[in-house]
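Novice: Model the following, please.
(one chain, ligands or ions: 1)
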Amino acid sequence: MSFEDLGEGPTEGTDPSLFDSIPEIQNAMDMAPDARTSAMMERWDELSATQGERGKTTAWTVTSDRLQTEFLTSHPELNEPGAVVIDIGCGVGDGANVLRQAGVDVIGTDCSEMMLDLARGCNPPYSRLIQHSIIGETQLAGAGIAPNSVKGIVSYGAMQSFPDSGDTKGEFDEEQMRKALNQMHYVLEADGVVSLAFLPPQEKDFHALTTVIDPDRLAQIMKEEGFEITKNEAVPNAYDHDQGKGQIQYHLIEARKLAA
Ligand SMILES: C[S@@+](CC[C@H](N)C(=O)[O-])C[C@H]1O[C@@H](n2cnc3c(N)ncnc32)[C@H](O)[C@@H]1O
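Specialist: Coordinates of the predicted model:
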């Protein structure tokens, strides 16, 4: 997936014919979203128009392939028979390419129907695709994912859509983050693992709906919500902007669910 639009406003000109036939997608968005969430979802629907070009190797796909390879190498249990991994904010599928190619059973979730429609074209496919926002009241468990049923969760490039705190722009809403982490914790098996790549604070102006996440603050909250942090590190060369607008830095946190 290209991340070119992250630092800019929404892309104009979605071609509606791209989305003529949106297949039935399990809908887990039964609560009315707030205004910011609606705007965020509309934005990702619009951005999907520029994300569908497959087979394109970008700095992001190289980076996310590497993150997945390292994650899978250090957690071979993710590919045991019966093991399930969720890709939260799956977009067009780049964040789980390596996992799916390795034969891992991956469920994709995304708030954007249009992104999900593109994810339906992935080969190898996701085992399921579910429309679900990780921000809000509808639980992953309410979206049909059973408690303690998931071995791993990846979420690459989706957490920057978290609401900011409202007081200080660029600081994430802690309550929403705790709710999201609780959802992940609830569906993970004991010792299940998460891998989260997100935008840390950096010298760059992002879109108004993009929130940067302080890694140490997130790590602290994850510990408080029942995770053991196993990695907390910058992602080198995450995205070298190809239009000369500067590099976008990413950060990776990996963690393991501690038994309740
Ligand atoms: C930058 S793309 C990353 C996609 C993919 N993970 C990758 O690595 O290429 C971010 C994706 O997160 C999704 N997203 C944003 N906010 C979300 C939320 N609250 N819940 C679920 N998905 C969300 C967007 O629709 C978009 O598809």
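
Novice: which other helices and strands contact the helix ranked longest in the chain?
Specialist: What stands out as the longest helix in the chain, according to DSSP state H, is helix 59-74. When contacts are defined as 3 or more Cβ pairs under 8 Å, 6 or more residues apart in numbering; DSSP states H and E, helix 59-74 packs onto helix 97-101, strand 150-156, strand 188-198, strand 227-240, strand 247-257. C-beta: built from backbone N, CA, C; applies to glycine.

Novice: Burial-wise, tell me which of those comes out on top.
Specialist: Here the criterion is mean neighbour count by mean count of other Cβ atoms under 10 Å, and of the helices and strands packed on helix 59-74 the winner is strand 150-156, at a mean of 25.

Novice: What are the contacting residues of it?
Specialist: By Cβ atoms under 8 Å, 6 or more residues apart in numbering, the list of residues contacting strand 150-156 from outside reads 64, 67-68, 71, 75, 77-78, 80, 83-89, 94-96, 99, 107, 134, 184, 187-189, 192-198.

Novice: From the ligand, how far off is residue 234?
Specialist: 17 Å (Cβ to the nearest ligand atom, to the nearest Å).

Novice: for residue 233, same thing?
Specialist: From residue 233 to the ligand the distance is 18 Å (Cβ to the nearest ligand atom).

Novice: and that residue, what does it touch?
Specialist: By Cβ under 8 Å, 6+ apart, the residues touching residue 233 are 251-252.

Novice: tell me which parts of the stretch 1-150 of the chain are close to the ligand?
Specialist: Neighbours of the ligand within the stretch 1-150 of the chain, by Cβ under 6 Å from any ligand atom: 1, 3, 40, 44, 64, 88-91, 94-95, 109-112, 115, 133-135.

Novice: still on that earlier bit, turn the helices and strands packed on helix 59-74 into a markdown table, including mean pLDDT.
Specialist: As requested, these are exported to a markdown table (pLDDT from 0 to 100):
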| stretch | mean pLDDT |
| --- | --- |
| helix 97-101 | 96 |
| strand 150-156 | 97 |
| strand 188-198 | 96 |
| strand 227-240 | 86 |
| strand 247-257 | 93 |
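
Novice: Touching, residue 189 and residue 147? I think so.
Specialist: No. The criterion here is Cβ atoms under 8 Å, and residue 189 misses it with residue 147 at 9.4 Å.

Novice: Verify the stated contact: residue 259 with residue 189.
Specialist: No. Here residue 259 does not reach residue 189: they are 10.1 Å apart, not a contact under Cβ under 8 Å.

Novice: By mean pLDDT, point me to the weakest helix or strand of the chain.
Specialist: Counting by mean pLDDT, DSSP states H and E, the chain has its least confident helix or strand at strand 26-27, which shows a mean of 38.

Novice: any idea which helix or strand comes after that one?
Specialist: Once strand 26-27 ends, the next helix or strand along the chain (criterion: DSSP states H and E) is helix 35-48.

Novice: helices or strands up against that following helix?
Specialist: helix 113-119.

Novice: mind listing what's buried in the helix it packs on?
Specialist: 113-119 (16 or more other Cβ atoms under 10 Å).

Novice: can I get these in a markdown table with pLDDT?
Specialist: Below are the buried residues of helix 113-119 laid out as a markdown table (pLDDT from 0 to 100):
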| residue | pLDDT |
| --- | --- |
| 113 | 92 |
| 114 | 92 |
| 115 | 92 |
| 116 | 95 |
| 117 | 93 |
| 118 | 92 |
| 119 | 95 |
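
Novice: nearest to residue 209, of the residues you listed?
Specialist: Set against residue 209, the nearest of the buried residues of helix 113-119 by Cβ to Cβ is residue 115 (15.1 Å).

Novice: List the buried residues in the one helix or strand residue 223 maps to.
Specialist: Here residue 223 sits within helix 215-224, counting by DSSP H and E. Neighbour counts over helix 215-224 (16+ other Cβ under 10 Å) mark 215, 218-219, 221-222 as buried.

Novice: wait, doesn't residue 221 sit right on residue 182?
Specialist: No. Using Cβ under 8 Å, residue 221 is not in contact with residue 182; the gap is 10.6 Å.

Novice: Brilliant, that's me finished.
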